[in-house]
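>>> sequence first, predicted model second:
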Amino acid sequence: MVEYITIFEIPRTWTNYFIVLCVICSIIGLSLAAILFIYALKNWKNWQTEKTLRKEIVFLFFFFLVWGLVWSFGAYGVYNNIRLGNEIIEAYYSGKYEIIEGTVKVLHQQPKSGHDSGDLIRINQKEIEFSYFTSTPAYHQTLSQGGVLKDGVYVRLYLYKGNILRIDVSKTEENLNHGKGTGNN
């Protein structure tokens, strides 16, 4: 019987703090656009003589409106990312995953700078791809970033929709030397 050490396990909770930035910038942009719109309505009569001011106010209104809308769409994208992250966390803690075990074969390694697809590994004819540059609570530590899924390491993986939820590495001396690393940082 193979004994394992758990190298990575998906956390119970996860927050993508980028959504906070999106929401704050969205509120700022839309609020400033609303303030400028109200200002323009109150001072409409004075605009007959001040053409330059009118152009500046109109420009700022549309700038802040577009700014707020862009950040709003960004917040929606981040929210969607968090929803998917929570889905895979729920899948792990409710046991809705598949387990595969075997020796890792690295088919592709993502460069440290990114600009290419993620690490691609094969375990028992099952191919799994993951990228360091993906915001997810699942394992995404590529080899170039100190990952543990190296060629020749015997592992047991818990998977859900292609996401690695947990990594157990065989306790054999050879594997302990191969599998140095700590999962996600």
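All right, it came through fine.

>>> so who does the nearest residue to residue 119 once chain neighbours are set aside touch?
Excluding the flanking residues, the one nearest residue 119 by C-beta to C-beta, 6 or more residues apart in numbering is residue 142, at 4.4 Å. No exception for glycine: its C-beta is placed from N, CA and C like everyone else's. Applying C-beta atoms under 8 Å, 6 or more residues apart in numbering to residue 142 gives the contacts 109, 110, 118, 119, 130, 131, 132.

>>> look at residue 118 and report its pLDDT.
On pLDDT, residue 118 comes in at 86.

>>> next, work out how far apart it and residue 92 are.
20 Å (C-beta to C-beta, to the nearest Å).

>>> who's more crowded, the two?
residue 92 (21 against 18; other C-beta atoms under 10 Å).

>>> who's in contact with the more buried one?
So residue 92 contacts 10, 158, 160, 165, 166 (C-beta under 8 Å, 6+ apart).

>>> show me which of those is closest to residue 60.
Of all those, residue 10 has the smallest distance to residue 60: 45.0 Å, by C-beta to C-beta.

>>> how deep is that closest one tucked in, by neighbour count?
25.

>>> how close does it get to residue 171?
21 Å.

>>> what about stretch 12-27, distance to the chain center?
Its chain's C-alpha centre and that of stretch 12-27 lie 12 Å apart, by C-alpha atoms, centre = their mean, to the nearest Å.

>>> what's in contact with that stretch?
Outside stretch 12-27, the residues touching it (C-beta under 8 Å, 6+ apart) are 67-69, 71-72, 74-75, 78-79, 81-82, 85-86, 89, 93, 135, 137.
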